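**Student:** here is a sequence with its predicted model. Questions after.
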Amino acid sequence: MSGAKKIQKIVDPDVQGRNHTGYESWHAFKIMSEFVDATERLKEITPAVSIFGSARIQQDSPYYKLTVDIARRLSDAGFAVISGGGPGIMEAANKGAYAGTSPSIGLNIELPHEQHVNPYQDISQNFKHFFMRKVMFVKYASAYVVMPGGFGTLDELMEAITLVQTGKTLKIPIILVCEPFWRGLVDWIKTTLVNENMIAAADLDLIQLIDEPAQIVEAIFKHYETRGFKLSADEERIQLYL
């Protein structure tokens, strides 16, 4: 009974007070404002490629140098490059794009640690909400390039795959770079998720493993060679419901 009484106190709106409800409603407007501001600033950047990866990678890492190379090639090929705007792989992506001919975009998130804004950004957009930031990674991307990373990178990767798999966004290239790093995950997906019917075998085709920067650019262009980068009216409507 004491446990039941405790639960009742927690969920009782009279105990919580009306101010909490008012705050939640007002906060919804802040979220809306963040979405509108980001949309207005980013709507003209397509075609673009979102690059994900660890914030903890140092500048002398081969992963960092490889990311700079990939981003520079993508930028010179006409793609805006979108990163998380912070250090590590994010900095490398912005640095490579910043040196190229197309815009370097940083979607910065306020965190208690690990995140500071890198200086290689033509457009720097700040977010307080992870989920809103992730929408923008997906909304304007013609492809995803995923470098080695931790939980945040895995989160972004799995969300991208899920959105494509479920048809909530268009089928676009999802490219994992540095095959030795990803091999264990890909093997687990094959031997566990597919074998236990958690996903279809065809879902494996949603991801590619490519290590050579020139081949990454080529794979993205190959995907679009028969349809182009411009979205149809129906495809634009799909993107509204991410």
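**Tutor:** Here it is on my side, so go on. Numbering: from 1, shown residues only.

**Student:** which helix or which strand is home to the residue positioned nearest the centre of the chain?
**Tutor:** When the chain is reduced to its mean C-alpha position, the nearest residue by Cα atoms, centre = their mean turns out to be Phe137, at 4.1 Å. Under the criterion of DSSP states H and E, Phe137 resides in helix 130-139.

**Student:** so who does Asp37 touch?
**Tutor:** Gln125 (Cβ atoms under 8 Å, 6 or more residues apart in numbering). For glycine as for every other residue, the C-beta is placed from the backbone atoms N, C-alpha and C.

**Student:** against Met136, how distant is it?
**Tutor:** Distance, Asp37 to Met136, using Cβ to Cβ, to the nearest Å: 11 Å.

**Student:** output the contacting helices and strands for the helix holding Phe137.
**Tutor:** If you count contacts as 3 or more Cβ pairs under 8 Å, 6 or more residues apart in numbering; DSSP states H and E, helix 130-139 packs onto helix 18-42, strand 48-52, strand 104-109, strand 123-127, helix 151-165.

**Student:** export that helix as PDB, just CAs?
**Tutor:** Extracted C-alpha coordinates of helix 130-139, given in PDB (Å, rounded to 0.1, in the frame of the first residue of the first chain):
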ATOM      1  CA  PHE A 130      19.200  15.800 -29.900                       C
ATOM      2  CA  PHE A 131      16.100  14.600 -31.700                       C
ATOM      3  CA  MET A 132      15.700  17.900 -33.600                       C
ATOM      4  CA  ARG A 133      19.400  17.900 -34.600                       C
ATOM      5  CA  LYS A 134      19.000  14.300 -35.900                       C
ATOM      6  CA  VAL A 135      16.100  15.300 -38.000                       C
ATOM      7  CA  MET A 136      18.200  17.900 -39.800                       C
ATOM      8  CA  PHE A 137      21.000  15.300 -40.400                       C
ATOM      9  CA  VAL A 138      18.500  13.200 -42.300                       C
ATOM     10  CA  LYS A 139      16.200  15.800 -43.800                       C
END
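
**Student:** quickly list what's touching both of Asp37 and Met136.
**Tutor:** Joint contacts of Asp37 and Met136 (Cβ under 8 Å, 6+ apart) are Gln125.

**Student:** how is the protein divided into domains?
**Tutor:** 1-42, 46-239 (automatic domain parsing).

**Student:** quick check: which of those domains is buried the most?
**Tutor:** domain 46-239 (a mean of 18; mean count of other Cβ atoms under 10 Å).

**Student:** before we move on, back to that, kindly calculate the angle that the helix holding Phe137 makes with strand 123-127.
**Tutor:** Going by axes from the mean of the first three to the mean of the last three Cα atoms, to 10 degrees, helix 130-139 is angled at 140 degrees with respect to strand 123-127.

**Student:** so what strands line up beside the helix or strand just after helix 130-139?
**Tutor:** Sequence order places strand 143-146 as the next helix or strand after helix 130-139, per DSSP H and E. When pairing is defined by DSSP bridges, strand 143-146 lines up against strand 48-52 (parallel), strand 174-176 (parallel).
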